[in-house]
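Engineer: Please work out how this folds:
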Amino acid sequence: MNENYLKISERIVEMTGIDIFKNTRKAEYVELRALACYIFREKMNMRWTNIANFFTSMGKKTDHASVIHLVKMYPTYVKYNLSLIHI
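Structural biologist: Numbering: from 1, shown residues only. This next block holds a predicted model:
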């Protein structure tokens, strides 16, 4: 696993104080997970399954379908939570 993925996720946690690997469906967690998945997929060309495996290895239960959904929903989350752009 590329350590850049770990650095990006740690930076998100550091900037927000929210553990994106916590098994919860609260909106603030979901939105930040969507941000991480969006960066991994769109900016770093990481495969869907690899993103899911990364989250699973960090303690967040997920699968590739959930990752696809998060990436597709990211523009909607940004529309209603502009702080995601600054992170």
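
Engineer: In the protein, what residue spans correspond to strands?
Structural biologist: Per DSSP state E, the chain carries no strands over any range.

Engineer: And the helices in it, which stretches?
Structural biologist: 3-16, 27-38, 48-57, 64-80, 83-86 (DSSP state H).

Engineer: Those helices into a markdown table, with extra columns for mean neighbour count and mean pLDDT?
Structural biologist: For glycine as for every other residue, the C-beta is placed from the backbone atoms N, C-alpha and C. Formatted as a markdown table, these follow (neighbours: other Cβ atoms under 10 Å; pLDDT from 0 to 100):
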| stretch | mean neighbour count | mean pLDDT |
| --- | --- | --- |
| helix 3-16 | 14 | 91 |
| helix 27-38 | 21 | 96 |
| helix 48-57 | 18 | 95 |
| helix 64-80 | 15 | 96 |
| helix 83-86 | 11 | 86 |
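
Engineer: And the pLDDT at residue 1?
Structural biologist: Reading off the confidence values, residue 1 has pLDDT 55.

Engineer: Could I get the phi/psi values of the nearest residue to residue 56 once chain neighbours are set aside?
Structural biologist: Spatially, and ignoring its direct neighbours in sequence, residue 56 is nearest to residue 62 (6.2 Å; Cβ to Cβ, 6 or more residues apart in numbering). Here is the backbone geometry of residue 62 (degrees, to the nearest 10): phi -160, psi 170.

Engineer: Counting neighbours, what do you get for residue 62?
Structural biologist: 20 (other Cβ atoms under 10 Å).

Engineer: Surely residue 48 touches residue 67?
Structural biologist: Yes. Between residue 48 and residue 67 a contact is recorded at 5.3 Å, counting by Cβ atoms under 8 Å.

Engineer: Overlap of the contact sets of those two?
Structural biologist: residue 41 (Cβ atoms under 8 Å, 6 or more residues apart in numbering).
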